[in-house]
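**Student:** Let me see the structure of the following:
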Amino acid sequence: MRGFAYLAAWLLVFATISAPSDTLAAVEVGVSVNFGSPPPPPPPPAPVVIAAPPLVAIAPPPLPVYVVPPPPFANYIWTLGYWYWSDAGYFWVPGTWVQPPVVGVLWTPGYWGWSGGSYIWHAGYWGPHVGFYGGVNYGGGYNGVEFVGGRWNGGVYVVDHAAINAPIVSVSASFNGGPGGVAAVPTPQQEAFAHENHMPLTSMQMQHITAAGKNPDLAASVNHGKPSIAATVRAGDFTHGIVAARQAGARNVEAEQHNIAVKKNPALAKGAALPRANNDRSNEAHSPKSTMAPSSSRSHQENAAHSRAERPDSRAERPEGRPAQGGDSAQPRREPSE
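**Tutor:** Sure, this is the predicted structure:
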């Protein structure tokens, strides 16, 4: 009986070894189906696109006073808050800490500049040096002349907390040139910096602007120059680590009078009846040449060209503060430490 069992076992082994090749192939096919390649990864998200800033007839509000929060990570650089523009008017883009696109670059803020009777946004950019930003005292190390809020030491960014958090006086002039604006022109050194290789806003900066534009509390018409979210620790996060404005900026009576005049008589948006105060022509001649991508901003030269083309009549019939062209944006300032 035991011999019969051994014989049966050997017959079973022999049958398995001599099985037809197509039977084995079927097994192999089954294995390949069960352990096939994983599905391809999803496509990357579409890049954030921000409309080019417009020519705006009315002056941006004064800059609110607030405190810079501490940086969340090493090698992050402070980018100050500013007033931006949408079809509904100015809104505040909170100051925030941003990871630079590459090691060694610094942030030159954007600014509103007066030219041809309108306010034109000069886009900010990343570069090896901080260039001209309208002479606006934004705070946070941007005192209107230079940047003193930090420096690169090899591959490490060293924050000057004393400079960033230094108390500053409430400032009314949030733009360059025009009624109530800052009278400043680029220095020869800043002119040279304007010709360096520049990099546009990072995707996080653009997402930050987009998120701010969707927050109704950041509209100037709602917060009256004192936003509840003046600064935030991380770009795009308006829930955690936020800082409210201590107060609205000092009143700019001359700019207020200009805005009232434009609203009463939109023809003044052309600038024909307005004084060319505070180095009006300097904006046309000395705008830093940024390599900002068209999707996030337009160069000043292009804006100026559109302004000259439209100056004869198109803006004369625009209501109140409507821009001459589509767009959005302005970069303001921030403030003292607790």
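
**Student:** What residues does the residue nearest to Phe238 when sequence neighbours are not counted make contact with?
**Tutor:** Nearest residue to Phe238 in three dimensions, chain neighbours excluded: Ile229, at 5.3 Å (Cβ to Cβ, 6 or more residues apart in numbering). For every residue, glycine as well, the C-beta is placed using N, CA and C. Applying Cβ atoms under 8 Å, 6 or more residues apart in numbering, we find Ile229 in contact with 92, 94, 215, 217-218, 238, 242-244.

**Student:** where does Ile229 land in three-state SS?
**Tutor:** coil (DSSP: H, G, I helix; E, B strand; the rest coil).

**Student:** helices and strands around whichever strand or helix holds Tyr119, which ones?
**Tutor:** Assigned by DSSP states H and E, Tyr119 belongs to strand 118-122. With contacts defined as 3 or more Cβ pairs under 8 Å, 6 or more residues apart in numbering; DSSP states H and E, strand 118-122 has these neighbours: strand 55-56, strand 111-115, helix 300-310.

**Student:** How about exporting the second one as CSV, limited to the C-alpha atoms?
**Tutor:** Extracted in CSV, the C-alpha atoms of strand 111-115 (Å, rounded to 0.1, in the frame of the first residue of the first chain):
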residue,chain,number,x,y,z
TYR,A,111,5.2,99.8,-6.5
TRP,A,112,2.6,102.1,-8.0
GLY,A,113,4.0,105.0,-10.1
TRP,A,114,2.3,108.0,-11.6
SER,A,115,2.6,108.5,-15.3
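
**Student:** ok and it relative to strand 118-122, angle-wise?
**Tutor:** 140 degrees (axes from the mean of the first three to the mean of the last three Cα atoms, to 10 degrees).

**Student:** From Val105, how far out is Tyr66?
**Tutor:** Separation of Tyr66 from Val105 (Cβ to Cβ, to the nearest Å): 25 Å.

**Student:** In terms of neighbours, single out the busier of the two.
**Tutor:** Between Tyr66 and Val105, counting by other Cβ atoms under 10 Å, Tyr66 is the more crowded of the two (26 against 21).

**Student:** Could you report the neighbour count for the residue lying closest to the more buried one once chain neighbours are set aside?
**Tutor:** Among residues not flanking Tyr66 along the chain, Ala230 sits closest, at 3.6 Å (Cβ to Cβ, 6+ apart). Residues near Ala230, counting by other Cβ under 10 Å, number 28.

**Student:** Enumerate every residue touching Ala230.
**Tutor:** By Cβ under 8 Å, 6+ apart, the contact set of Ala230 is 64, 66, 81, 92, 94-95, 243-245, 334-335.

**Student:** Now the buried members of those residues.
**Tutor:** Applying 16 or more other Cβ atoms under 10 Å to these, the neighbour count classes 64, 66, 81, 92, 94-95, 243, 245, 334-335 as buried.

**Student:** Just the closest of these to Pro54, please.
**Tutor:** The shortest gap between Pro54 and any of these belongs to Trp92, at 17.3 Å (Cβ to Cβ).

**Student:** Read off the pLDDT value for Ala8.
**Tutor:** As summarised for this prediction, Ala8 has a pLDDT of 54.

**Student:** Just the C-alphas of the strand holding Tyr119, formatted as CSV.
**Tutor:** What follows is strand 118-122, C-alpha atoms only, in CSV (Å, rounded to 0.1, in the frame of the first residue of the first chain):
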residue,chain,number,x,y,z
SER,A,118,-2.7,107.3,-14.1
TYR,A,119,-1.1,105.0,-11.6
ILE,A,120,0.9,102.2,-13.1
TRP,A,121,2.1,99.1,-11.3
HIS,A,122,5.8,98.3,-11.6
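
**Student:** Let's have the buried ones among the contacts of Ala230 in JSON lines, adding pLDDT.
**Tutor:** Below are the buried ones among the contacts of Ala230 laid out as JSON lines (pLDDT from 0 to 100):
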{"residue": "Pro64", "pLDDT": "94"}
{"residue": "Tyr66", "pLDDT": "93"}
{"residue": "Gly81", "pLDDT": "95"}
{"residue": "Trp92", "pLDDT": "97"}
{"residue": "Pro94", "pLDDT": "97"}
{"residue": "Gly95", "pLDDT": "96"}
{"residue": "Val243", "pLDDT": "95"}
{"residue": "Ala245", "pLDDT": "94"}
{"residue": "Arg334", "pLDDT": "42"}
{"residue": "Glu335", "pLDDT": "43"}
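
**Student:** No further queries at this time; thank you.
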